[in-house]
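1. okay, here's the prediction I keep looking at, along with the sequence it came from:
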Amino acid sequence: MTDYAIGDIQGCYERLLDVLDKVDFSPSRDRLWVAGDIINRGPSSLESLRYIRNLGSSAVVVLGNHDLHLLAVALGGHNVKKKDTLHDILDAPDHDDLLGWLLQQNICVHDSQRNFIMAHAGLPHIWSVEQGVALARELEAVLRGPDVEDYFREMYGNYPERWQDDLQGMDRWRMITNYFTRMRFIAEDGTLELATKESAGNSPAGYAPWFSYPRPDDVRVIFGHWAALEGETGSDRYIGLDTGCVWGGKLTVMNLDTGERIHCDC
């Protein structure tokens, strides 16, 4: 069995098949770790979502901001945006099953044997691995619990800007969501800057890429979300797999044991 991790698919179903064919991926023997944003902006969101869902236990999935956006539209009453490609899912006869499956997926996953954690946007330096995993489990319980519609109604927003252990309710849940699914630039004290989407060299004053701060552990972090990085973080322990397929870049898979990265052009 070979385990592969893949960056943001974002509805690029044909390219997904292409890159998996390059590594001779077979769900009967292999496993695919999906770093979030299965859907949206690309031409085939429904097919991409069905494919990953149908992998069953051969897929390990964390939710990205676009996956949460679909749920916010469906469950929280938010509007579909102009550039969204979500109507095929919302109109599909199996949309309830697909949405229910998404709600059962992870916010982050931790592989202690390989010493890595995977989250869509990464892991902030202010959280230990143990704290990050615990907070992810807390948010996952909200997604699967009676407050899920209230959560999606109030999910969007840039405030609070900084984590505090005594945050409660929606402020706490939104803060966890923003670190795990929207983070790019962050201040030393953990304050998030969520407006800038450019490359790591264009940090706003007082902020830096989240992976530039020292951590007290040696965990590797696998993430997607930041297409402008083109997969380059300057460190072997921070593994960016969003290489901008939906923007005409590449779709990338990585062998989790050898570190080899395989691309297909988009």
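-> Yep, it's here. Residues are numbered from 1 along each chain as shown.

2. where along the stretch 51-200 of the chain do the strands fall?
-> 59-61, 108-111, 116-119, 185-186, 192-193 (DSSP state E, counting those that start in this stretch).

3. so where's this protein uncertain?
-> Applying pLDDT under 70 to the chain flags no residue at all.

4. what's the spacing between the most centrally placed residue in it and L17?
-> For the chain, H120 is the residue whose C-alpha lies nearest the centre (CA atoms, centre = their mean; 2.4 Å). Counting by CB to CB, to the nearest Å, the gap from H120 to L17 is 22 Å. In this view, the C-beta of every residue, glycine as well, is placed from N, C-alpha and C.

5. my guess is C266 contacts G249, does it?
-> Yes: with contacts counted by CB atoms under 8 Å, C266 reaches G249, the gap being 5.9 Å.

6. now render the strands of the stretch 51-200 of the chain as TSV, adding mean neighbour count.
-> Formatted as TSV, the strands of the stretch 51-200 of the chain follow (neighbours: other CB atoms under 10 Å):
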stretch	mean neighbour count
strand 59-61	19
strand 108-111	20
strand 116-119	24
strand 185-186	24
strand 192-193	21
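
7. for the ones you listed, which one sits closest to W210?
-> If you check each of the strands of the stretch 51-200 of the chain against W210 by CB to CB, strand 185-186 wins as the nearest, at 4.6 Å.

8. that closest one pairs with which strands?
-> Strand 185-186 pairs in its sheet with strand 192-193 (antiparallel), strand 208-209 (antiparallel), by DSSP bridges.

9. list of residues touching the first one?
-> Strand 192-193 has contacts (CB atoms under 8 Å, 6 or more residues apart in numbering) with 158, 161-162, 178-179, 182-187, 204, 207.

10. now, the most widely separated pair of those residues?
-> The widest separation within the contacts of strand 192-193 (CB to CB) is 17.2 Å, between Y179 and P204.

11. have a look at those two and say which one is more surrounded.
-> Higher neighbour count among Y179 and P204: Y179, with 26 against 12, using other CB atoms under 10 Å.

12. so the more buried one sits right up against H125, yeah?
-> No: using CB under 8 Å, Y179 is not in contact with H125, being 10.6 Å away.

13. list the helices and strands the longest helix anywhere in the chain packs on?
-> Ordering each helix of the chain by length in residues (DSSP state H) puts helix 129-143 first. Judged by 3 or more CB pairs under 8 Å, 6 or more residues apart in numbering; DSSP states H and E, helix 129-143 is in contact with strand 108-111, strand 116-119, helix 148-154, helix 169-181.

14. list the buried residues for that helix?
-> V129, G132, V133, L135, A136, L139, E140, V142, L143 (16 or more other CB atoms under 10 Å).

15. could you check how far the last one is from H110?
-> Taking CB to CB as the measure, L143 and H110 are separated by 18 Å.

16. quick check: M175 touching W163?
-> Yes: counting by CB under 8 Å, M175 sits close enough to W163 to count as a contact (5.6 Å).

17. if we can go back for a sec, leaving out chain neighbours, which residue sits closest to the residue nearest to the centre of the chain?
-> Excluding the flanking residues, the one nearest H120 by CB to CB, 6 or more residues apart in numbering is G36, at 3.2 Å.

18. check which helix or strand that neighbour maps to.
-> Assigned by DSSP states H and E, G36 belongs to neither a helix nor a strand.

19. what sits against it?
-> 8, 61-67, 119-120, 181, 224-225.

20. now do the phi/psi pair for D265.
-> Dihedral pair for D265: phi -70, psi 140, per degrees, to the nearest 10.

21. number of nearby residues for it?
-> Look at D265: counted by other CB under 10 Å, it has 11 neighbours.

22. from what I see, it and K250 are in contact.
-> Yes: counting by CB under 8 Å, K250 is a contact partner of D265 at 5.9 Å.

23. of all the buried residues of helix 129-143, which comes closest to Y51?
-> Distances from Y51 to those, taken by CB to CB, are shortest for L143, at 21.8 Å.

24. cheers, nothing more for now.
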